[in-house]
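Peer 1: got a structure for you, letters missing:
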């Protein structure tokens, strides 16, 4: 049973517009959330994160919003650029057995058209 | 500074054969993690080393998978014998502290035919 869900496998937006990627989770014990960006044939690279005690974190063009009551987070990219085209993974951090691990969603492929 | 490096980048083997994947973490990183992504599914945790000790191997799918980290430096992940469902991309990550600060390698794409 998936604990982190990205229900949109793909998203296409026009350059300069806003990209909104969504993520839902089921485990209320998750205390930290991260977004990763992945290009083909490369590993995931960290993009932005948010602690469960916050509802917003901003870094340049990237903003992550967390709605704990809805168990929902979203990544906003504005303005979107063609170089942002990649697969975006939402991940949640959990501690189990003295070890921290990440639980990932399946990813959303973002295409930004020039 | 070199990042996390994985070898090989691709491996195609026949069902029943043995394959060994290698991960060189960032120098000085005590924490080393293995994850894998099976086609069309999410990236899933396999195990976590702290130096040479296995901190958590709860994600290892079965006893055909053996991970080692002798000397607390590089790590190997051996699959013996490989099955078709083992196909996927295997990622290694390393960090000074926890997983939320980890850097990923480029992955090894394993295809079992």
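Peer 2: Done, it's in. Predicted model only: the values in this text are computed from it and were never measured. Numbering: from 1, shown residues only, chains lettered A, B, ... in the order given.

Peer 1: Please report phi then psi for residue A:96.
Peer 2: phi -150, psi 130 (degrees, to the nearest 10).

Peer 1: And for residue 27, the neighbour number?
Peer 2: Chain wasn't specified; assuming chain A. A count of nearby residues for residue A:27, using other C-beta atoms under 10 Å in any protein chain shown, gives 11. Heads up, the C-betas are built off the backbone N, CA and C, glycines and all.

Peer 1: um, chain B though
Peer 2: Neighbour count of residue B:27, defined by other C-beta under 10 Å: 9.

Peer 1: Report pLDDT for it.
Peer 2: For residue B:27, the model assigns a pLDDT of 94.

Peer 1: How about residue B:99?
Peer 2: Reported pLDDT for residue B:99: 87.

Peer 1: What is the three-state secondary structure of residue B:85?
Peer 2: Three-state assignment for residue B:85 (DSSP: H, G, I helix; E, B strand; the rest coil): helix.

Peer 1: residues in contact with residue 96?
Peer 2: Picked chain A for this. Residues near residue A:96 by C-beta atoms under 8 Å, 6 or more residues apart in numbering or on different chains: B:56, B:58.

Peer 1: My question was about chain B, not that one.
Peer 2: By C-beta under 8 Å, 6+ apart, the residues touching residue B:96 are B:28-31.

Peer 1: which of these are buried?
Peer 2: Neighbour-count burial (16 or more other C-beta atoms under 10 Å in any protein chain shown) applied to the contacts of residue B:96 gives B:29-31.

Peer 1: so the residue nearest the centre of chain B is in which element?
Peer 2: Per C-alpha atoms, centre = their mean, the C-alpha nearest to the average position across chain B is that of residue B:34, at 3.7 Å. In the assignment (DSSP states H and E), residue B:34 maps to strand B:31-37.

Peer 1: Return the list of helices and strands in contact with the helix or strand just after that strand.
Peer 2: Beyond strand B:31-37 on the C-terminal side, the first helix or strand identified by DSSP H and E is strand B:43-50. The contact analysis (3 or more C-beta pairs under 8 Å, 6 or more residues apart in numbering or on different chains; DSSP states H and E) places strand B:43-50 against strand A:99-104, strand B:31-37, strand B:53-56, strand B:65-68.

Peer 1: Now tabulate those strands in JSON lines and tack on mean pLDDT and distance to residue A:65.
Peer 2: Converted to JSON lines, the helices and strands packed on strand B:43-50 look like this (pLDDT from 0 to 100; distance: least, C-beta to C-beta, whole Å):
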{"stretch": "strand A:99-104", "mean pLDDT": "92", "distance to residue A:65": "19"}
{"stretch": "strand B:31-37", "mean pLDDT": "97", "distance to residue A:65": "26"}
{"stretch": "strand B:53-56", "mean pLDDT": "94", "distance to residue A:65": "31"}
{"stretch": "strand B:65-68", "mean pLDDT": "97", "distance to residue A:65": "37"}
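
Peer 1: for those strands, which one ends up most surrounded?
Peer 2: strand B:31-37 (a mean of 25; mean count of other C-beta atoms under 10 Å in any protein chain shown).
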